[in-house]
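Chemist: the following comprises the amino acid sequence and a computationally predicted model.
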Amino acid sequence: MSGLLTAQLISCDEAGFTGNNLLNPEQPFFSYASHDLSLREAEDLIRRVRAKHSPQIPELKAAKLLKSARGRKLILDVLDALSGRYIVTLYDKRYSLAAKLFEYLYEPVLQSNNALFYRHKVHQFVAMFFFMLMRDKSIEGLAGEFEAFMRSLDPADAPTLFGSQVGANPMIGQILRFVRGYNVIIAQEIRDLGRSKSGKWILDLTGAAVSSHLASWGQRHPLIEVVCDDSKPLRALSGLHDVMVNRPDIVHVEMFGKRRALTWNMSKPLAFASSAAHAGVQLADMLAGITAAVPGGGRELADHGQRLEGHFHDDCVLPDFDIMDLESDEAPVCWFVLEELATRAENGEDPLEGMETVFAFAKASLPQFRRFQMENRRTAGSASSSKSRPIDFALNLFFIRSAGQARPMEPPGTRRVQGWSSDWRNLSEARRCARTGLSSRRLADVSERWLPRRIFLP
């Protein structure tokens, strides 16, 4: 009998839930939290902090506690008591929506060799690119259309995305050309998704968060019992998690240089309870609430943020502006590849044939881009009264017509395309706008000077 395992209780809850509405301006963050206190430990902790701080509320809710100094101190005591025994995940909802664009529009087309694109962080570049563009009023409507399309899975809800007209903002041109060129493949994937059980909650973040947390807890405890706050998405997807009942052999996979667990061992299917009735879920609810509040909480929540450090899951979905840094190699290479994919889509070509060569060529062309980058900086600083000389974007490097066949920058007999020239400095400027929170009007002014559809015509 000594060999019998006792299941470790894992209590879970979320904050900032808006379902499939990721553009809700009132709740920009979604968070998920879990801990491994037993029910008795959770009850004892709640009893202690109530006796010490005397909160005048029936249930410990972060949103209410954060309104007073006494409540904030209570939360600090809870974080200290739980140190090392909880996990939190934070999602920027708008960025999460932007990430879905690659997952559901690019991934179906590239899936047979998607590792190549993930390895080069093209998915992160596309997500950040679209996320930054959401600040532009001319793109904001497209983001709303994309969200509506993902909820309904009906292309009619996204006429700009799937229609024939080119958007007013040239920045979005690459995405539109790709989607329209490969719309048949994308439509088939969406139809299959619509038939699946998960299609209704395609934009909901709860299911992915729970899987990440339970896989992590499965690394710490050989057997777990899971209780979650009642949730429509989780109830709808519970079957996907219940297959982990009696799975003692943990399966791992290598992803992006990390070894990750794909499975965990549960003693029984997911159970659901309210935070008011279950002390463990109530503490998870408080953890999720403070996690979602910290990003906009200012100095009052600085100590809370420090307590949370070390407890964040690797799967937080937050903007990473470094992927757009033109001083790194990733941004120019990703843009080069996206232009090639858009061109192939327009021409009805195989999106994957020879793409390894395309990536290699983009990297080999970087010295050429750096020379133009330096030349542009010198030109921009030569006279304050003159505008910086336009440097044709995407293929200032070189222009790929097909895999492995590159045209040099200005072959004889070519002419420049008027109205489609730009420079890389504008992308840096827009990146600074997004990072520093400058107005969408300022970002729109920058984006109007961005990105050519084609650089040279024969």
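Modeler: Thanks, I have the structure now.

Chemist: now do stretch 32-52, average pLDDT.
Modeler: The average of the pLDDT scores along stretch 32-52 is 98.

Chemist: which positions in it come out as buried?
Modeler: By 16 or more other Cβ atoms under 10 Å, the buried positions in stretch 32-52 come out as Tyr32, Ala33, Ser34, His35, Asp36, Leu37, Glu41, Ala42, Glu43, Leu45, Ile46, Val49. Bear in mind the C-beta positions are built from the backbone N, C-alpha and C, glycine included.

Chemist: so what touches it?
Modeler: Here stretch 32-52 makes contact (Cβ atoms under 8 Å, 6 or more residues apart in numbering) with 8-15, 60, 74, 77-78, 81-82, 85-89, 91, 205-206, 209-210, 213-214, 217, 220-221, 278-280, 282-285, 287-288, 291.

Chemist: hey, C-alpha coordinates of it in PDB?
Modeler: Taking Å, rounded to 0.1, in the frame of the first residue of the first chain, the C-alpha atoms of stretch 32-52 are listed here in PDB:
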ATOM      1  CA  TYR A  32      -4.700  32.500 -15.600                       C
ATOM      2  CA  ALA A  33      -3.500  31.200 -12.200                       C
ATOM      3  CA  SER A  34      -3.100  27.900 -10.400                       C
ATOM      4  CA  HIS A  35      -1.500  26.700  -7.200                       C
ATOM      5  CA  ASP A  36      -0.900  23.400  -5.400                       C
ATOM      6  CA  LEU A  37      -2.200  24.100  -1.900                       C
ATOM      7  CA  SER A  38      -4.400  21.400  -0.400                       C
ATOM      8  CA  LEU A  39      -7.900  22.500   0.400                       C
ATOM      9  CA  ARG A  40      -7.100  22.600   4.100                       C
ATOM     10  CA  GLU A  41      -4.000  24.800   3.400                       C
ATOM     11  CA  ALA A  42      -6.100  27.200   1.300                       C
ATOM     12  CA  GLU A  43      -8.800  27.500   4.000                       C
ATOM     13  CA  ASP A  44      -6.200  28.100   6.700                       C
ATOM     14  CA  LEU A  45      -4.400  30.800   4.600                       C
ATOM     15  CA  ILE A  46      -7.700  32.600   4.000                       C
ATOM     16  CA  ARG A  47      -8.600  32.400   7.600                       C
ATOM     17  CA  ARG A  48      -5.200  33.900   8.700                       C
ATOM     18  CA  VAL A  49      -5.300  36.900   6.300                       C
ATOM     19  CA  ARG A  50      -8.900  37.600   7.200                       C
ATOM     20  CA  ALA A  51      -8.000  37.700  10.900                       C
ATOM     21  CA  LYS A  52      -5.000  40.000  10.300                       C
END
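
Chemist: ok, back up a step: quick check, nearest of the buried residues of stretch 32-52 to Cys228?
Modeler: Ser34 (8.6 Å; Cβ to Cβ).

Chemist: and the nearest residue to Ser96 once chain neighbours are set aside, what is it in contact with?
Modeler: Nearest residue to Ser96 in three dimensions, chain neighbours excluded: Val317, at 5.0 Å (Cβ to Cβ, 6 or more residues apart in numbering). Val317 makes contact with Leu90, Tyr91, Asp92, Tyr95, Ser96, Ala99, Leu205, according to Cβ under 8 Å, 6+ apart.

Chemist: average pLDDT for the helix or strand the fourth one falls within?
Modeler: Read that as Tyr95. Assigning secondary structure by DSSP states H and E places Tyr95 in helix 93-101. Here helix 93-101 scores 94 as its mean pLDDT.

Chemist: cool, stretch 346-355 as well?
Modeler: Averaged across stretch 346-355, pLDDT comes to 94.

Chemist: how about Ile175, what does it touch?
Modeler: Leu101, Leu105, Val126, Phe130, Ala342.

Chemist: what about the residues you listed, which are in helices?
Modeler: In this view, the contacts of Ile175 that belong to helices under DSSP state H are Leu101, Val126, Phe130, Ala342.

Chemist: my guess is the last one contacts Arg177. True?
Modeler: Translated: Ala342. Yes: the criterion here is Cβ atoms under 8 Å, and Ala342 meets it with Arg177 at 4.0 Å.

Chemist: adding distance to Phe359, write the contacts of Val317 out as JSON lines.
Modeler: Putting the contacts of Val317 into JSON lines (distance: Cβ to Cβ, whole Å) gives the following:
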{"residue": "Leu90", "distance to Phe359": "32"}
{"residue": "Tyr91", "distance to Phe359": "29"}
{"residue": "Asp92", "distance to Phe359": "28"}
{"residue": "Tyr95", "distance to Phe359": "25"}
{"residue": "Ser96", "distance to Phe359": "27"}
{"residue": "Ala99", "distance to Phe359": "21"}
{"residue": "Leu205", "distance to Phe359": "31"}
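
Chemist: which two among those residues are spaced furthest apart?
Modeler: Using Cβ to Cβ, the pair of the contacts of Val317 lying farthest apart is Leu90 and Ala99, separated by 13.9 Å.

Chemist: which of those two has more neighbours?
Modeler: Remark: of Leu90 and Ala99, Leu90 carries more neighbours, 24 against 21, as counted by other Cβ atoms under 10 Å.

Chemist: the more buried one should be in a helix, yeah?
Modeler: No: counting by DSSP: H, G, I helix; E, B strand; the rest coil, Leu90 is not part of a helix but strand.

Chemist: show me what contacts it?
Modeler: Phe29, Phe30, Ser31, Thr291, Ala292, Pro295, Phe312, Cys316, Val317, Leu318.

Chemist: buried only: go through those for me.
Modeler: So, by 16+ other Cβ under 10 Å, the buried ones in the contacts of Leu90 are Phe29, Phe30, Ser31, Thr291, Ala292, Cys316, Val317.

Chemist: please name the residues that touch the third one.
Modeler: The neighbours of Ser31, taking Cβ under 8 Å, 6+ apart as the test, are Glu14, Ala15, Gly16, Val88, Thr89, Leu90, Tyr91, Ala288, Gly289, Thr291, Ala292.

Chemist: and the helix or strand harbouring it with helix 93-101, angle?
Modeler: Following DSSP H and E, the helix or strand that holds Ser31 is strand 29-35. With axes from the mean of the first three to the mean of the last three Cα atoms, to 10 degrees applied, the angle from strand 29-35 to helix 93-101 works out at 90 degrees.

Chemist: distance from the chain centre to strand 29-35, please.
Modeler: 16 Å (Cα atoms, centre = their mean, to the nearest Å).

Chemist: repeat for stretch 48-61
Modeler: 36 Å.

Chemist: residues near Asp303, how many?
Modeler: Asp303: 14 neighbours (other Cβ under 10 Å).
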